[in-house]
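**Student:** Sequence and predicted structure below; questions after.
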Amino acid sequence: MAQIVAGFGVPHTPIFPFFVKRDGPDCETAKLFAAQKQQLAAARPDVIVMFDTDHLNTFFLDNLPIFAVGVDKTFTGPNDEPREVPVYTIPSARDLAAHVRAESIAAGYDAALTQHFSVDHSIAVPLHFLTPDMHVPVIPFFISGHVPPLPSAARCYALGLAVGRAIEAWPEPLRVVIMGSGSFSLEVGGPRMAPGRSDGVPDPDWAMRVIKLLEQQQIETLIKEATPYQLLKAGNVGGELLNWIAMLGAIGNRKPTYIAPQMTNGHAYGVWRWS
Amino acid sequence: MAIFTVNHLCREILRDHAFRAAMKADPVKALAPLDLTDEERRALLAGDVGTLFRMGANAFLMAYMARFEVCGLNVETYNQRMRSVKVDELGQPAA
């Protein structure tokens, strides 16, 4: 049977590949991703399931699912031209993706289907740092975290639980890593940007609170406090926390190996590993 | 739903390189065939992203106008104009 072997929470800031190329392997971002890359390699994943919020690039305002699963043998990305990131062809696991989607629907989470798709920086940037050879198949599970109304944190956690059960019911002996992509407090291109920047961190206290609750394994409190109001207060992409919450549902309530904050960006690098 | 056209053309600036070039070269002409209200067209051509935001345009789609420097925008002017929009605690335009 397939087993879930680790959980990761990853940032996806689109300018990071440019900064790392410019500033070299000793800059903070390079080191934080390098540490996660090492942890990921040690977890020996056969497949990665990534909870992700698309930035109106895979989907758009003409057709915007709350939940969706990418089901195909491969997909491409990034489709939104972040600097210094090539357009990768990323392998996937079509049969397992279809199974995860079917079991999610059976459990009451009506995930839309997307095939022959591309993804944006929110998937491609973390993979650019963590699996640059693109040798590990990735299944994207999209959660609408930017365009209100957002799904509730409780529902995303329960969705994660259902996805975890679906994976552990899969007959192949695969090692599966679950990832959640995104920030805790961030405003991109909106009025709450910092002066002279293209983004800002409107609610750093909330970002710290999230990190503390993750470290203390207080998931129920996190779910209770991550109201739609709080997520919007945290910035126009504050709903990306839902991807981390779904990841936590899939791996079970566990203590993180570490959470490394990067408060200038309102996000963190999280690793959950166990035996 | 006309603001949809604004949001969509912002993404086309990213996706459609011919449209991006047309918007840089002659935005009046590039926007001419699009189904925009007079107010939307005026605000777009003036790079008045604050007004567009108050009309419901999406912030990170409009940021493509700054990134690709169309309608007189760049990262700096975009930042100043967006930051001058008064917003409530949730980042929505204040009444």
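**Tutor:** Nice, thanks for sending it over. Numbers count the residues shown, from 1 in each chain, chains lettered A, B, ... in the order given.

**Student:** What's the local residue count around the residue nearest to residue B:82 when sequence neighbours are not counted?
**Tutor:** The spatially closest residue to residue B:82, leaving aside those adjacent along the chain, is residue A:191, at 5.1 Å (CB to CB, 6 or more residues apart in numbering or on different chains). For the C-beta atoms, the positions are set from N, CA and C on the backbone; glycine is no exception. Residues contacting residue A:191 under the criterion other CB atoms under 10 Å in any protein chain shown number 25.

**Student:** show me what contacts residue A:191?
**Tutor:** With CB atoms under 8 Å, 6 or more residues apart in numbering or on different chains as the criterion, the residues that contact residue A:191 are B:53, B:59, B:82-87, B:91.

**Student:** From those residues, list the buried ones, please.
**Tutor:** In those, burial by neighbour count holds for B:53, B:59, B:82-83, B:85, B:87, B:91, counting by 16 or more other CB atoms under 10 Å in any protein chain shown.

**Student:** next one: phi and psi at whichever residue of the stretch 101-250 of chain A sits closest to chain B?
**Tutor:** For the stretch 101-250 of chain A, the nearest residue to chain B under the criterion CB to the nearest CB is residue A:189, separated by 3.3 Å. Summarising the backbone geometry of residue A:189 under the convention degrees, to the nearest 10, its torsions are phi 70, psi 0.

**Student:** residues contacting it?
**Tutor:** Counting by CB under 8 Å, 6+ apart, residue A:189 touches A:198-199, A:236, B:59-60, B:62-63, B:66, B:78, B:82.

**Student:** Which residues of chain A lie near chain B?
**Tutor:** Contacts of chain A with chain B, taken as CB under 8 Å from any CB of the partner chain, map to A:55-57, A:60-62, A:79-81, A:146-147, A:187-193, A:195-198, A:202, A:229, A:232-233, A:235-237.

**Student:** at 10 Å what do you get?
**Tutor:** Taking CB under 10 Å from any CB of the partner chain as the criterion, the neighbours of chain B within chain A are A:55-57, A:60-62, A:79-81, A:120, A:146-148, A:187-200, A:202-203, A:228-238.

**Student:** all helices of the chain, in order?
**Tutor:** Defaulting to chain A. A:16-23, A:28-43, A:94-106, A:121-130, A:153-168, A:204-215, A:219-225, A:228-233, A:241-251 (DSSP state H).

**Student:** if you could check chain B rather than the one you did, that'd help
**Tutor:** All helices of chain B, identified by DSSP H, fall at B:3-15, B:17-25, B:27-31, B:38-45, B:49-54, B:59-67, B:75-83.

**Student:** by contact count, what packs against the third one?
**Tutor:** Read it as helix B:27-31. Packing partners of helix B:27-31 (3 or more CB pairs under 10 Å, 6 or more residues apart in numbering or on different chains; DSSP states H and E): helix B:3-15, helix B:17-25, helix B:38-45.

**Student:** And those: which comes nearest chain A?
**Tutor:** Across these, the minimum distance to chain A, taken as CB to the nearest CB, is reached by helix B:3-15, at 5.7 Å.

**Student:** List the buried residues of that closest one.
**Tutor:** By neighbour count on 16+ other CB under 10 Å, the buried set for helix B:3-15 is B:3, B:5-14.

**Student:** now it: mean pLDDT?
**Tutor:** Per-residue pLDDT over helix B:3-15 has a mean of 97.

**Student:** Show me what that helix packs onto, helices and strands only.
**Tutor:** In this structure, helix B:3-15 makes packing contacts with helix B:17-25, helix B:27-31, helix B:38-45, helix B:49-54, helix B:59-67, judged by 3+ CB pairs under 10 Å, 6+ apart.

**Student:** Reformat those helices into TSV and put distance to residue A:159 next to each item.
**Tutor:** Written out in TSV, the entries for the helices and strands packed on helix B:3-15 read as follows (distance: least, CB to CB, whole Å):
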stretch	distance to residue A:159
helix B:17-25	37
helix B:27-31	41
helix B:38-45	37
helix B:49-54	31
helix B:59-67	25
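
**Student:** wait, which of those is closest to residue A:217?
**Tutor:** Across these, residue A:217 has its closest neighbour in helix B:59-67 (32.7 Å, CB to CB).

**Student:** for that closest one, packing partners?
**Tutor:** strand A:187-188, helix B:3-15, helix B:17-25, helix B:49-54, helix B:75-83.

**Student:** now those as a markdown table including distance to residue A:258?
**Tutor:** Rendered in a markdown table, the data for these read as follows (distance: least, CB to CB, whole Å):
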| stretch | distance to residue A:258 |
| --- | --- |
| strand A:187-188 | 26 |
| helix B:3-15 | 36 |
| helix B:17-25 | 42 |
| helix B:49-54 | 38 |
| helix B:75-83 | 34 |
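
**Student:** what's the closest of those to residue A:13?
**Tutor:** Of all the helices and strands packed on helix B:59-67, it is strand A:187-188 that lies closest to residue A:13, at 9.5 Å by CB to CB.

**Student:** which residues touch that closest one?
**Tutor:** With contact meaning CB atoms under 10 Å, 6 or more residues apart in numbering or on different chains, strand A:187-188 is reached by A:13-14, A:55, A:146, A:193-194, A:197-203, A:234-238, A:266, B:59-60, B:63, B:82, B:87, B:91.

**Student:** How about the contacts made by the closest residue to residue B:65 other than its chain neighbours?
**Tutor:** Of all residues not flanking residue B:65 in the chain, residue B:73 sits nearest, at 4.9 Å (CB to CB, 6+ apart). Residue B:73 sits next to B:46-49, B:62-67, B:79, B:81 when contact means CB under 10 Å, 6+ apart.
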